[in-house]
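Asker: The sequence isn't on hand, but the structure is:
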């Protein structure tokens, strides 16, 4: 893998939103935080945080369960569990995790006489704050390990039912207890079911057919590889071993299982995209959350040059521009020319420049529209904001072939950026300059993250001197001002955008 290819892959991995599955929250307790909570609870710990960190990293031959259990002795109060979850969500958000489905083992705590309510409420409060502070979606999956007695597990299920989205039971749990737990889950209703596979496959045959309502989190081992291939279960593979790495690549290439975790340098952008899609299919996200996630993934793929941009152009401009004026006629021509080249035209959906653009686009398509089966030729999309502009017509101007509703100006900006990579701005006032500045800021941020900036075309007579004065007055860099392209004619705008689309089509990797 070349240095440039590796850099591009690293940039894509950083940029793409992720879904984290099968994370054990107790295992995320870091040494420094463990010692801080221990001091707060007056629990004396041996060694130092640094010594303990080295032991944990080294492993020392201990099992993960043993190491988690030893670390969790400091967790006593509701605030402790809040702090543990909040710290994890903050780190995950920095890594651009969109959603996390988080395993927790209540028996690790209740066997130390910690009230389960303290565990559950602490985690829930942190998940709520994680969403509000970091826009990360968290959900709890109750992990019932083979150490938990069945009676205790059933009681914990009753108490946790309103806090969790699913239950996961170790596959080496005693069979009778395993079936009792899944029967209880079935009776409670509304919970998803996952199986936490270990080397033992004692319960692998009964769960999928009798009790698995949704799916499985499976840790890959050589022993369970034939089972995974035969059933097509979602697979979580630990990439830190060579055997697992080989299995990961094999499963991705053959498509015989949904692999959902990896950090291998040998992967391509296509592999990473496949992992993201597999994680989505394996997750417990709602339909709306899934669509929202896919929108962000598609947007990232375009931004990083992995997929071809949508063939659409968004036009900004004053809603006060009157029919018959030069600017109105020019906007009509923009709509006609781009529509005849197969582009969808996107506007704010109201009058002035927006109406003129839609009029030209629909006329160029000979009346074709989404409402009568037309393709992008003749399509004029209006992104309306009735709550922002309550006095405007509910359905916008008469030339929109179809409309969508943005609940706020922020939603409207997101829809512009989601649906288009190409922007043309005519003259306008505060609304138009705000739209330019938003898109310009996003384009600048893309450059700093090694992405491909949007093409922003400004009508020279309206904007050149204004932008130059603004840049000089507040110190905007020449790198940022170079992201704006001034045009004098419709033909020039068409040529620039057509050339960019060809270039990005040729270099797309997905």
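Answerer: Received the coordinates, thanks. On a predicted model such as this, the values are computed, not experimentally measured, just so you know. Numbering: from 1, shown residues only.
Asker: any low-confidence regions in the stretch 151-300 of the chain?
Answerer: Counting by pLDDT under 70, the stretch 151-300 of the chain contains low-confidence ranges at 196-266.
Asker: got the residue ranges for the helices in it?
Answerer: According to DSSP state H, counting those that start in this stretch, the stretch 151-300 of the chain carries its helices in the segments 175-188, 206, 225-231, 242-254, 269-282, 287-303.
Asker: what about the stretch 1-150 of the chain, any weak spots by pLDDT?
Answerer: Counting by pLDDT under 70, the stretch 1-150 of the chain shows low-confidence ranges at 1-3, 47-70.
Asker: Each with direction, which strands does the helix or strand where residue 140 lies pair with?
Answerer: In this assignment (DSSP states H and E), residue 140 forms part of strand 137-144. Neighbouring strands of strand 137-144 in its sheet, by DSSP bridges, are strand 97-104 (parallel), strand 166-170 (parallel).
Asker: for the ones you listed, which one sits closest to residue 392?
Answerer: strand 97-104 (33.9 Å; C-beta to C-beta). C-betas here are computed from N, CA, C, even on glycine.
Asker: hang on, residue 7 packs against residue 450?
Answerer: Yes: in this structure, residue 7 is within contact of residue 450 by C-beta atoms under 8 Å, at 7.1 Å.
Asker: The two: which has the busier surroundings?
Answerer: For residue 7 versus residue 450, the count of surrounding residues by other C-beta atoms under 10 Å is larger for residue 450: 16 against 12.
Asker: show me what contacts that one?
Answerer: 7-8, 11, 304 (C-beta atoms under 8 Å, 6 or more residues apart in numbering).
Asker: From these, keep the buried residues only.
Answerer: Neighbour-count burial (16 or more other C-beta atoms under 10 Å) applied to the contacts of residue 450 gives 8, 11, 304.
Asker: ok, the last one touching residue 452?
Answerer: Yes: with contact defined as C-beta under 8 Å, residue 304 counts as touching residue 452 (7.1 Å).
Asker: Packing partners of the one helix or strand residue 444 maps to?
Answerer: With secondary structure defined by DSSP H and E, residue 444 is part of helix 430-448. Helices and strands in packing contact with helix 430-448 are listed as strand 312-316, helix 409-419, strand 422-425, strand 455-459, helix 478-481; criterion 3 or more C-beta pairs under 8 Å, 6 or more residues apart in numbering; DSSP states H and E.
Asker: Let me have the contacts of residue 450 in a markdown table, adding distance to residue 178 and secondary structure as columns.
Answerer: Compiled in a markdown table, the contacts of residue 450 are given as follows (distance: C-beta to C-beta, whole Å; DSSP: H, G, I helix; E, B strand; the rest coil):
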| residue | distance to residue 178 | secondary structure |
| --- | --- | --- |
| 7 | 47 | helix |
| 8 | 46 | helix |
| 11 | 44 | helix |
| 304 | 44 | coil |
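Asker: of all those, which comes closest to residue 467?
Answerer: Nearest to residue 467, judged by C-beta to C-beta, of the contacts of residue 450 is residue 304 at 27.2 Å.
Asker: what sits against the closest one?
Answerer: Residue 304 makes contact with 8, 11-12, 15-16, 269, 450-452 under the criterion C-beta under 8 Å, 6+ apart.
Asker: Closest to residue 476 out of those?
Answerer: The closest of these to residue 476 turns out to be residue 451 (C-beta to C-beta; 19.6 Å).
Asker: ok, the closest one - contacts?
Answerer: Residue 451 makes contact with 11, 15, 303-305, according to C-beta under 8 Å, 6+ apart.
Asker: and what of residue 387?
Answerer: 407-408.
Asker: ok, now residue 347?
Answerer: Residues touching residue 347, when contacts are defined by C-beta under 8 Å, 6+ apart, comprise 314-316, 353-354, 357-358, 380-383.
Asker: what do you get if the cut-off is 10 Å, keeping everything else the same?
Answerer: When the contact criterion is C-beta atoms under 10 Å, 6 or more residues apart in numbering, the partners of residue 347 are 313-317, 319, 331, 335, 353-358, 361, 380-384, 396-397, 399-400, 416.
Asker: Tell me the confidence at the nearest residue to it once chain neighbours are set aside?
Answerer: The shortest distance from residue 347 to any residue that is not its chain neighbour, by C-beta to C-beta, 6 or more residues apart in numbering, is 3.8 Å, and that residue is residue 354. Residue 354 is assigned a predicted lDDT (pLDDT) of 96.
Asker: when you give positions from now on, start the count at 15
Answerer: Done: numbering now begins at 15, and the last item shifts to residue 368.
Asker: how deep is residue 368 tucked in, by neighbour count?
Answerer: By the other C-beta under 10 Å criterion, the neighbourhood of residue 368 contains 29 residues.
Asker: Would you confirm that it contacts residue 414?
Answerer: Yes: between residue 368 and residue 414 a contact is recorded at 8.7 Å, counting by C-beta atoms under 10 Å.
Asker: now what about the host helix or strand of residue 487, what contacts it?
Answerer: Counting by DSSP H and E, the secondary-structure element that holds residue 487 is helix 474-488. Outside helix 474-488, the residues that touch it by C-beta under 10 Å, 6+ apart are 331-332, 340-341, 439-442, 446-447, 450-451, 454, 471-472, 490-492, 494-495, 498-503, 506.
Asker: Drop anything exposed from these.
Answerer: Of the members of the contacts of helix 474-488, the ones counted as buried by neighbours, 16+ other C-beta under 10 Å, are 331-332, 341, 439-442, 446-447, 450, 454, 471-472, 490, 498-499, 501.
Asker: Could you give the number of residues near residue 459?
Answerer: If you count neighbours by other C-beta under 10 Å, residue 459 ends up with 12.
Asker: List the residues that contact it.
Answerer: 317, 465, 467.
Asker: What separation do you get for residue 141 and residue 27?
Answerer: 25 Å (C-beta to C-beta, to the nearest Å).
Asker: do the same with residue 193
Answerer: The value you get for residue 193 to residue 27, if C-beta to C-beta is used, is 41 Å.
Asker: go on, residue 350?
Answerer: Distance of residue 350 to residue 27, computed by C-beta to C-beta: 42 Å.
Asker: Same question for residue 462.
Answerer: Taking C-beta to C-beta as the measure, residue 462 and residue 27 are separated by 16 Å.
Asker: quick one on the thing from earlier: quick one, which of residue 141 and residue 27 is more surrounded?
Answerer: The neighbour count for residue 141 versus residue 27, taken as other C-beta under 10 Å, is higher for residue 141 (22 against 18).
Asker: how much space is there between that one and residue 492?
Answerer: For residue 141, the distance to residue 492 (C-beta to C-beta) stands at 44 Å.
Asker: tell me the SS of the residue of the chain most remote from its centre?
Answerer: Largest separation from the mean C-alpha position in the chain: residue 338, at 45.2 Å (C-alpha atoms, centre = their mean). With DSSP: H, G, I helix; E, B strand; the rest coil as the basis, the three-state label of residue 338 is coil.
Asker: Now do it against residue 345, distance only.
Answerer: With C-beta to C-beta as the criterion, residue 338 and residue 345 are 12 Å apart.
Asker: same thing with residue 479?
Answerer: Computed as C-beta to C-beta, the residue 479 to residue 345 distance reads 21 Å.
Asker: for residue 124, same thing?
Answerer: In this view, residue 124 and residue 345 are 67 Å apart by C-beta to C-beta.
Asker: Between the two, tell me which one has more neighbours.
Answerer: residue 345 (30 against 18).
Asker: Spit out the contact partners of that one.
Answerer: Taking C-beta under 10 Å, 6+ apart as the definition of contact, the neighbours of residue 345 are 329, 331-332, 335, 339, 359, 361, 366-374, 438, 440, 473, 504.
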